[in-house]
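1. Build the 3D model from these lines:
(one chain, ligands or ions: 1)
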Amino acid sequence: MTTVGFDIEVGLSDEDAAIRDTTHQFAEEVLRPAGAALDQLSDTADVIAPDSILWKVHGQYSQLGITELQLDEEMDPLRKARLIAIINEELAWGDVGLAISLGLCGFHGPWVQQSNDPELIERFCSLDLPTIGCWALTEPDHGSDTVALTEAHFSDPALKPNCIAHKDGDSYVIQGQKAAWVSNGPIADLAVVFCTLDPSQGFKGGGVFLVPLDLPGVTRPKPLDKLGQRSLPQGEIFFDQVRVPESHMVLGPDFYAIALEMMLSHANAAMGQLFVGLARAAYEHAVSYAKERVQGGVPIFEHQAVRARLFKMFSKVEAARSLARRVALFNAGGAPQVHYSIAAKTYCTNTCFEVASEALQIYGGNGLSREYPIEKLLRDARASMVEDGCNEFLSIVGGARL
Ligand SMILES: Cc1cc2nc3c(=O)[nH]c(=O)nc-3n(C[C@H](O)[C@H](O)[C@H](O)COP(=O)(O)OP(=O)(O)OC[C@H]3O[C@@H](n4cnc5c(N)ncnc54)[C@H](O)[C@@H]3O)c2cc1C
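-> This next block holds a predicted model:
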């Protein structure tokens with residue numbers, strides 16, 4: 001088994017180190033080659049085709065026991081938070097697009113439990129029959145608007161949503177569409193749909209709905225073709241008079257803003273952890289390449305300027321990792337504070353892009369070639385600065401909490 005050589009986490013038990021190393025092995029042997037193969041597919045329909053390697057990856061992941069660990073209510077919350085941060089980093093070290101797709105598998109669990117609907121719970125929370133979830137929040141005309149918690153326009157009824165639910169007897173009817181960016185949208189079994197319920201309150205008047213994606217009226221085109229994270233299927237979800245029972249509405253406008261803030265806190269903290277993994281992968285590739293590539297008669301690692309550049313990358317990765325893990329522990333200790341999570345997300349993703357870009361520079365021309373791994377890492381890293389909220393806009397939301 002391969003082990004992780006670059007980890008100064010203090011006081012990891014043998015058991016936790018073994019979980020880390022098993023996850024690392026899965027990332028190295030399964031995720032990294034699968035992510036590279038999926039990235040090369042020119043037709044995004046092939047990424048989710050029945051014979052795609054994506055399904056094998058999902059199957060193997062469900063055998064790892066990570067979902068069980070996430071659901072373990074007996075485990076000390078701080079230990080669990082640290083382990084999940086480490087697991088996220090390792091998975092993304094292998095392939096960040098797949099790490100996000102896999103991470104979303106259990107995303108719907110707590111929402112489904114909250115519905116208290118035995119049928120939903122049996123169908124979507126069984127460990128024997130793992131299901132794939134997604135978070136459908138953003139809309140074609142509203143990206144930043146949907147997370148503008150601290151801004152006046154969040155409550156502006158003049159901003160017209162693209163997706164609305166209304167009560168009809170003892171059920172709700174959903175009409176409209178979600179953006180092409182819904183991660184796992186094309187493959188999910190169940191969507192956790194954050195959409196407008198009371199338009200008079202603007203985006204603040206939202207509700208959270210559980211929508212099985214085999215219901216009549218749901219349609220999904222083929223996955224979006226995009227720059228990075230090509231192993232993560234993303235796509236629009238259309239709702240044409242989709243009817244769900246009352247129990248599928250798990251939260252209404254009274255608690256919507258609070259729930260959204262909690263979601264953003266958890267999602268942004270996880271993004272920070274994931275992109276430390278990608279940054280670390282880029283850094284490690286750069287060190288290996290520098291020790292092999294000979295210029296001036298010696299490996300470029302022997303040139304002091306190159307070594308100093310690598311050390312700067314190393315320091316950046318370690319600083320980002322420290323922040324990501326500290327915020328993970330903080331969030332586990334009580335109510336998360338959204339500005340800390342946003343700090344982790346924006347700092348780690350910006351750092352990740354910088355490190356991937358510096359790694360490409362260490363590779364010289366080879367860094368631009370698809371025969372080498374770096375250009376993919378740079379593309380994957382770039383997407384993170386928009387994902388789960390554009391970094392500049394998230395900073396406005398986080399800044400309002402200072
Ligand atoms: C890889 C990836 C994964 C994603 N996964 C999901 C998912 O699972 N589910 C989902 O629902 N969505 C998902 N998204 C969508 C993502 O959340 C949005 O792309 C993001 O919130 C930005 O919205 P937008 O793209 O519409 O940009 P816009 O909101 O149109 O922003 C465009 C630019 O304007 C700036 N801007 C916007 N408003 C303001 C303002 N008020 N003040 C100052 N500047 C402003 C932004 O910072 C940005 O630079 C994903 C996106 C990506 C790239």
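2. What residues does this protein have near the ligand?
-> Contact residues, the chain versus the ligand (C-beta under 6 Å from any ligand atom): 135-138, 143-144, 179, 181-183, 229, 383, 386-390, 392-393, 396. Every residue, glycine included, has its C-beta placed from N, CA and C.
3. buried set for the top helix by length along the chain?
-> In terms of residue count, the longest helix belonging to the chain (DSSP state H) is helix 253-292. With burial defined by 16 or more other C-beta atoms under 10 Å, the residues of helix 253-292 counted as buried are 256-257, 259-287, 289-290.
4. Could you do stretch 52-62 as well?
-> The neighbour-count check on stretch 52-62 (16+ other C-beta under 10 Å) flags 52, 53, 54, 57, 58, 61, 62 as buried.
5. count of residues packed around the nearest residue to the last one once chain neighbours are set aside?
-> Residue nearest to residue 62 in three dimensions, not counting chain neighbours: residue 130, with 4.5 Å by C-beta to C-beta, 6 or more residues apart in numbering. Using other C-beta atoms under 10 Å, the number of residues around residue 130 comes to 17.
6. Now residue 130, what are its backbone angles?
-> In terms of degrees, to the nearest 10, the main-chain angles of residue 130 are phi -60, psi 140.
7. list the buried ones in stretch 161-179?
-> Quick answer for stretch 161-179 (16+ other C-beta under 10 Å): 161-165, 172-179.
8. could these go into TSV alongside pLDDT and secondary structure?
-> Formatted as TSV, the buried residues of stretch 161-179 follow (pLDDT from 0 to 100; DSSP: H, G, I helix; E, B strand; the rest coil):
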residue	pLDDT	secondary structure
161	98	coil
162	98	coil
163	98	strand
164	98	strand
165	98	strand
172	98	strand
173	98	strand
174	98	strand
175	98	strand
176	98	strand
177	98	strand
178	98	strand
179	98	coil
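9. Contacts for the helix-or-strand element of the chain with minimal mean pLDDT, please.
-> The weakest-scoring helix or strand in the chain, judged by mean pLDDT, DSSP states H and E, is helix 66-71 (a mean of 90). Residues outside helix 66-71 that contact it (C-beta atoms under 8 Å, 6 or more residues apart in numbering): 19, 23, 75, 80, 83-84, 87, 102, 105-106, 109, 127, 130.
10. Restricted to strands, list those.
-> Using DSSP state E, no member of the contacts of helix 66-71 sits in strands.
11. Dump the residues you listed into a markdown table; add distance to residue 308 and pLDDT as well.
-> A markdown table is the format used below for the contacts of helix 66-71 (distance: C-beta to C-beta, whole Å; pLDDT from 0 to 100):
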| residue | distance to residue 308 | pLDDT |
| --- | --- | --- |
| 19 | 35 | 96 |
| 23 | 32 | 98 |
| 75 | 42 | 96 |
| 80 | 38 | 96 |
| 83 | 34 | 97 |
| 84 | 34 | 97 |
| 87 | 32 | 98 |
| 102 | 37 | 97 |
| 105 | 42 | 89 |
| 106 | 42 | 85 |
| 109 | 46 | 93 |
| 127 | 49 | 85 |
| 130 | 47 | 88 |
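12. could you flag which of the residues you listed are buried?
-> Buried among the contacts of helix 66-71 by 16+ other C-beta under 10 Å: 19, 23, 80, 83, 84, 87, 102, 105, 106, 109, 130.
13. Just the ones of those in helices?
-> 19, 23, 80, 83, 84, 87, 102, 109.
14. Run a quick check on residue 172 versus residue 166, I expect a contact.
-> Yes: Residue 172 lies in contact with residue 166 (C-beta atoms under 8 Å); the separation is 6.8 Å.
15. Identify the residues contacting the residue nearest to the spatial centre of the chain.
-> Centre of the chain computed as the mean C-alpha position; nearest residue by C-alpha atoms, centre = their mean is residue 100, 4.1 Å away. Going by C-beta under 8 Å, 6+ apart, residue 100 touches 92, 183, 229, 232, 274.
16. Kindly tell me how buried the residue in the chain positioned nearest to the ligand is, as a neighbour count.
-> Using C-beta to the nearest ligand atom, the point where the chain gets nearest to the ligand is residue 143, with a distance of 1.9 Å. For residue 143, the tally of surrounding residues (other C-beta under 10 Å) stands at 17.
17. ditto for residue 141
-> Neighbours of residue 141 using other C-beta under 10 Å come to 12.
18. Just give the closest residue to it, not the sequence neighbours.
-> residue 162 (5.5 Å).
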